[in-house]
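Undergrad: Could you look at this predicted model? Sequence included:
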Amino acid sequence: MSESATNLPFTSRPIRPDLAAVLTRLRPGQRLRITQTVRVGAKTWTTTVTGTFRELNALATGIATNRVPEDDIVVLIVHFVKDNQELSSVALDEHTKIEIVES
């Protein structure tokens, strides 16, 4: 993980420096725009959502049996409130783009 990402929750995958820079600046109540590429089979599309940042934490995923630690994947999760007041969360991947939206 990059030096600028040292105060981010642990993740088992590297975080791009540009994304880490935005994540370290996020504070509860800030407006944000999240853009992700979704892939299902051979079809891909881009989707964007805006909302108000709540918190950032990590989620451990992987195989639920007692195997080697490399089977566990820890991903960052951004929790936010959509404009329609729905609580929502997204797992960040290598294609996620997050922008802080100025009011």
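TA: Cool, got the structure.
Undergrad: any chance you could map the strands in the protein?
TA: 31-40, 43-61, 73-82, 87-91, 97-101 (DSSP state E).
Undergrad: If I take the third one and strand 97-101, what angle do their directions form?
TA: Pointing back at strand 73-82 there. In terms of direction (axes from the mean of the first three to the mean of the last three C-alpha atoms, to 10 degrees), strand 73-82 departs from strand 97-101 by 30 degrees.
Undergrad: Run me through the strand neighbours of strand 73-82, direction for each.
TA: If you go by DSSP bridges, strand 73-82 pairs up with strand 43-61 (antiparallel), strand 87-91 (antiparallel).
Undergrad: what does stretch 88-103 contact?
TA: Outside stretch 88-103, the residues within contact range by C-beta atoms under 8 Å, 6 or more residues apart in numbering are 13, 15-16, 19, 22-23, 25-26, 30-37, 49-51, 59, 75-82. C-beta here means a position set from N, CA and C on the backbone, and glycine is covered the same way.
Undergrad: let's see 6 Å
TA: Contact with stretch 88-103 is made by 22, 30-37, 75-80, 82, as judged by C-beta atoms under 6 Å, 6 or more residues apart in numbering.
Undergrad: Could you check how far the spatially most central residue of the chain is from residue 85?
TA: Among the residues of the chain, the one closest to the centroid is residue 92, at 3.0 Å (C-alpha atoms, centre = their mean). From residue 92 over to residue 85 the distance is 23 Å, taken as C-beta to C-beta, to the nearest Å.
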